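Enquirer: give me a 3D structure for the following:
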Amino acid sequence: MKKDGRFSRRDFLKTGPAAFAVAAATPSWLSARPASGLALEHGVLGRTGLRVTSVSLGCMVAPEEVIAAAVDRGVNWLDTAHVYKNGQNEGEVGRVMRGRRDTAYISTKIRSGNKQTMQSQIDTSLTRLQTDYVDNLMIHDVRNRAQVFNETNLEVLEEAKQAGKTRFVGFSTHNNMAETINAAAESDHYDIILTSFNFSIANPALLEAVAKAHAAGIGIIAMKTQLGDFPNPEGGLTPHQAALKWVLENEHVTCAVPGTRDFQQLDQNLAVMGQRLGYFEGRELERYAAATSGLLCTDCGTCEGACPNGVDIRDVRRCAMYLEGYRDPGLARENYRQVALNARPCADCTECAVLCTAGAALQPLLSRTHAQLA
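Expert: Here you go, the predicted model:
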């Protein structure tokens, strides 16, 4: 066991997937209130020095009641964004945190653009969050090295920090994670990185980049940890708790922010704190990864720029994950609006010219996603 109370990491897991106050009127779909008696586990978030709960909260799909319950139980890192639920999510977090700002850290994200637009996003977010500052401000969805070093982004983040509007700065990344994380490790601009990280996509390049950034003092937070509820051809759904344990086994990841839509999921996620991944759970993940290899995007990058019509296949597949994995059409449509024009050619294709190295049948997946979300 490590000095911080977390269990040691087993070698076979380090190779990634290749090795294998709620009101009485609360909606019934929220299930019962979460159980009490939670054993909290904390880790230090890089050079920020912040001690954060190893399982924290991705607020994107969480109802206000679930956010409140998580904070009540000691969860102290809340991840939101300017665009989530068209801004409503920041409002939910703001209402929950009103009067108890010092009980949890708030992290939000703005999209890259011109300086005036980005500064306006920051001020709007602070108003929604009902606070003068956030603990962490991120650039949303950074995709390549050039964006990591974008001068406008860096200037806006630094000015926000100097103005006291944020304590720390960082970025989130869904694509080309190894490239963006390695670039951040070479700079001294970023305190925190929020990256997609799970048993399906954690290839050696990503694992090495995360280790490099951690060594440079950057706090690593994992998202997209459990892949939603993709059906398992062998029966059942994603082994959620095992997938979350797998993420937390990595000593370079301080915390995870799984999306949590009801009290049952909150219970399941928070119960993982302080637990190690068992042998049979590891085997279960290996079997699940093999059974769903044609459904899950491994972010290998080989499809980038490969579509003759210019479609960004990974963007469309992320929307498909929200639709078919998270079972959240609203979230899927919200994200698809950003890529609909780019993805339009998929509607007319009868055969995809791009070969997925993971074996996914791209044409039916992409055209089906476009038909349901456009």
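
Enquirer: what about the helices in the stretch 101-250 of the chain?
Expert: Under the criterion DSSP state H, counting those that start in this stretch, the stretch 101-250 of the chain contains helices at 115-129, 145-148, 151-162, 177-186, 204-215, 240-248.

Enquirer: these: lowest mean pLDDT?
Expert: If you rank the helices of the stretch 101-250 of the chain by mean pLDDT, helix 240-248 sits at the bottom with a mean of 94.

Enquirer: what sits against Gly91?
Expert: With contact set as Cβ atoms under 8 Å, 6 or more residues apart in numbering, Gly91 has these partners: 128-129. Quick note: C-beta positions are derived from backbone N, CA and C, even for glycine.

Enquirer: wait, I meant Ala215
Expert: Ala185.

Enquirer: at 10 Å instead, please
Expert: Taking Cβ atoms under 10 Å, 6 or more residues apart in numbering, we find Ala215 in contact with 185, 252.

Enquirer: tell me how far it lies from Glu324.
Expert: According to Cβ to Cβ, to the nearest Å, Ala215 stands 37 Å off from Glu324.

Enquirer: cool, and Arg276?
Expert: Taking Cβ to Cβ as the measure, Arg276 falls 31 Å from Glu324.

Enquirer: ok, Leu154 next?
Expert: Per Cβ to Cβ, Leu154 is found 37 Å from Glu324.

Enquirer: can you pull the buried residues of stretch 317-329?
Expert: Neighbour counts over stretch 317-329 (16 or more other Cβ atoms under 10 Å) mark 317-326, 328 as buried.

Enquirer: and which of the residues you listed is nearest Leu341?
Expert: Cys319 (13.3 Å; Cβ to Cβ).

Enquirer: spatially, what comes nearest to the closest one if we skip its sequence neighbours?
Expert: Spatial nearest neighbour of Cys319, excluding adjacent residues (Cβ to Cβ, 6 or more residues apart in numbering): Tyr336 at 4.6 Å.

Enquirer: C-alpha coordinates for stretch 136-146, CSV please?
Expert: Provided in CSV are the C-alpha atoms of stretch 136-146 (Å, rounded to 0.1, in the frame of the first residue of the first chain):
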residue,chain,number,x,y,z
ASN,A,136,-9.7,25.9,-11.9
LEU,A,137,-10.4,27.3,-15.4
MET,A,138,-9.9,25.2,-18.5
ILE,A,139,-9.8,25.6,-22.2
HIS,A,140,-12.4,23.1,-23.5
ASP,A,141,-11.5,20.3,-25.9
VAL,A,142,-7.9,21.0,-26.8
ARG,A,143,-6.9,18.7,-29.7
ASN,A,144,-3.4,19.3,-30.7
ARG,A,145,0.0,20.7,-29.8
ALA,A,146,-0.7,24.0,-31.6
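
Enquirer: and which of the buried residues of stretch 317-329 is nearest Arg287?
Expert: Each of the buried residues of stretch 317-329 was checked against Arg287 using Cβ to Cβ; the closest is Gly325, at 17.8 Å.

Enquirer: could you pull out the strands for this structure?
Expert: In the chain, the segments counted as strands under DSSP state E are 42-44, 51-53, 57-58, 77-79, 105-110, 134-139, 166-173, 192-196, 219-223, 255-256.
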